[in-house]
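Asker: Have a look at this fold, sequence not included:
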């Protein structure tokens with residue numbers, strides 16, 4: 001739907017649940033690029049989805065990373081988190097597929113929602 005805002009699309013994607021990937025094929029680069037349209041600022045790099053989030057303080061970044069860790073445990077889909085001074089880089093891929101799955105995009109959207117709740121920078 002073209003009238004749907006990016007924020008609404010992110011919320012819709014974030015409302016999904018990560019599921020088992022045992023019998024799933026990884027997304028093609030074209031499929032991944034298509035799905036990226038709903039996730040501003042995320043990029044495909046080295047076979048994963050990546051985005052760096054910025055914060056006003058180091059502790060704000062730690063709080064965000066901790067929140068994502070709790071979400072990842074609930075979803076059983078864990079991002080790579082790189083914590084630096086006032087920034088957190090999130091990397092997502094589905095290791096069992098050696099590529100990307102819909103779970104990576106769901107977790108990216110959940111990351112966006114969490115950032116919008118906790119962003120102080």
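Answerer: Yes, it's here. Because the structure is predicted, anything quoted here is derived from the model rather than measured. Numbering: from 1, shown residues only.
Asker: number of nearby residues for residue 36?
Answerer: 17 (other C-beta atoms under 10 Å). Every residue, glycine included, has its C-beta placed from N, CA and C.
Asker: Spatially nearest residue to it, not counting backbone neighbours?
Answerer: residue 42 (5.8 Å; C-beta to C-beta, 6 or more residues apart in numbering).
Asker: I'd say the one you found and residue 108 touch.
Answerer: Yes - using C-beta atoms under 8 Å, residue 42 makes contact with residue 108 at a distance of 5.6 Å.
Asker: Quick check on the two: which one has the bigger neighbour count.
Answerer: residue 108 (24 against 21).
Asker: what residues are up against that one?
Answerer: 13, 39, 42, 49, 51, 90, 92 (C-beta atoms under 8 Å, 6 or more residues apart in numbering).
Asker: The same query, at a cut-off of 7 Å, please.
Answerer: The neighbourhood of residue 108, defined by C-beta atoms under 7 Å, 6 or more residues apart in numbering, consists of 39, 42, 49, 92.
Asker: gap between the residue nearest in space to the middle of the chain and residue 49?
Answerer: What sits nearest the mean C-alpha location of the chain, by C-alpha atoms, centre = their mean, is residue 108, with 1.5 Å. Here residue 108 is placed at a distance of 5 Å from residue 49 (C-beta to C-beta, to the nearest Å).
Asker: Report the set of residues contacting both of the two.
Answerer: 42, 92.
Asker: Could I get the buried residue list for stretch 37-56?
Answerer: The neighbour-count check on stretch 37-56 (16 or more other C-beta atoms under 10 Å) flags 38, 39, 42, 48, 49, 50, 51, 53, 55 as buried.
Asker: For it, measure first residue to last.
Answerer: 27 Å (C-alpha to C-alpha, to the nearest Å).
Asker: ok so residue 91 is a strand residue?
Answerer: Yes - counting by DSSP: H, G, I helix; E, B strand; the rest coil, one finds residue 91 located in a strand.
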